[in-house]
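1. sequence-free structure coming up:
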């Protein structure tokens, strides 16, 4: 994984709550896994994993004993309240969230480190280069403004690209001309 947020050099040991936000396919879960497996703050630490895929339930969380809790996925405001309760009990939480940045700031006004992966164009530009595409910044920004900074959406555009085309702008134009995308806002 490309550490496009440059977290490898950052000390995260004093943070109580670390949140990655963004749409599906933005890399939130990938960053959670990377932190646990690669980042010095977590490699030797015992952690509890909560991979629910449904709204969190407090009885499932009440008996956690490790200091660090990794949660993938926060889906509702109630989930944020459960995370706040974990933090108030002395736990530290790293989570992937589909909720907007403002929701997190309302629940955690001070002790929060938040990374919004939904608008990060650099990671997509790097992925395009790795995939052999020539990408102009304006084309990447145009893609992100319409589809979000989602690796899943990017892969869909590249899959529809004519095999001989290696310019991302042309691939995006082809996709927008011949393919229909229906964006569904996630609500929980």
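-> Great, that's in hand. This is a predicted model, so every value here is computed, not measured.
2. most distant residue from the centre of the chain?
-> residue 164 (31.5 Å; C-alpha atoms, centre = their mean).
3. gap between that residue and residue 50?
-> Look at residue 164 and residue 50: by C-beta to C-beta, to the nearest Å, they are 46 Å apart. Glycine gets a C-beta too; all of them are placed from N, C-alpha and C.
4. list the contacts for the residue nearest the centre of the chain?
-> Nearest to the centroid of the C-alpha atoms of the chain, with distances taken as C-alpha atoms, centre = their mean, sits residue 28, at 2.4 Å. The neighbours of residue 28, taking C-beta atoms under 8 Å, 6 or more residues apart in numbering as the test, are 20, 21, 22, 72, 73, 96, 97, 117.
5. leaving out chain neighbours, which residue sits closest to the last one?
-> When you say that, I think you mean residue 117. Once its chain neighbours are removed from consideration, residue 117 has its nearest residue in residue 22; the separation is 3.5 Å (C-beta to C-beta, 6 or more residues apart in numbering).
6. check the gap between residue 25 and residue 149 for me.
-> 9 Å.
7. quick one, which of the two is more surrounded?
-> Between residue 25 and residue 149, counting by other C-beta atoms under 10 Å, residue 149 is the more crowded of the two (24 against 19).
8. and the more buried one, how far is that from residue 27?
-> For residue 149, the distance to residue 27 under the criterion C-beta to C-beta works out to 8 Å.
9. common neighbours of these two, please.
-> 117, 123.
10. residues contacting the lowest-mean-pLDDT helix or strand in the chain, please?
-> The helix or strand of the chain with the poorest confidence is helix 58-61; it has a mean of 85 (mean pLDDT, DSSP states H and E). Helix 58-61 is touched from outside by 50, 52, 69, 82, 85, 86, with contacts defined as C-beta under 8 Å, 6+ apart.
11. which of those residues are buried? Put it as a PyMOL command.
-> Selection of the buried residues among the contacts of helix 58-61 in PyMOL, burial being defined by 16 or more other C-beta atoms under 10 Å:
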select buried, resi 50+69+82+86
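12. shouldn't residue 48 be within a strand?
-> Yes - counting by DSSP: H, G, I helix; E, B strand; the rest coil, residue 48 is part of a strand.
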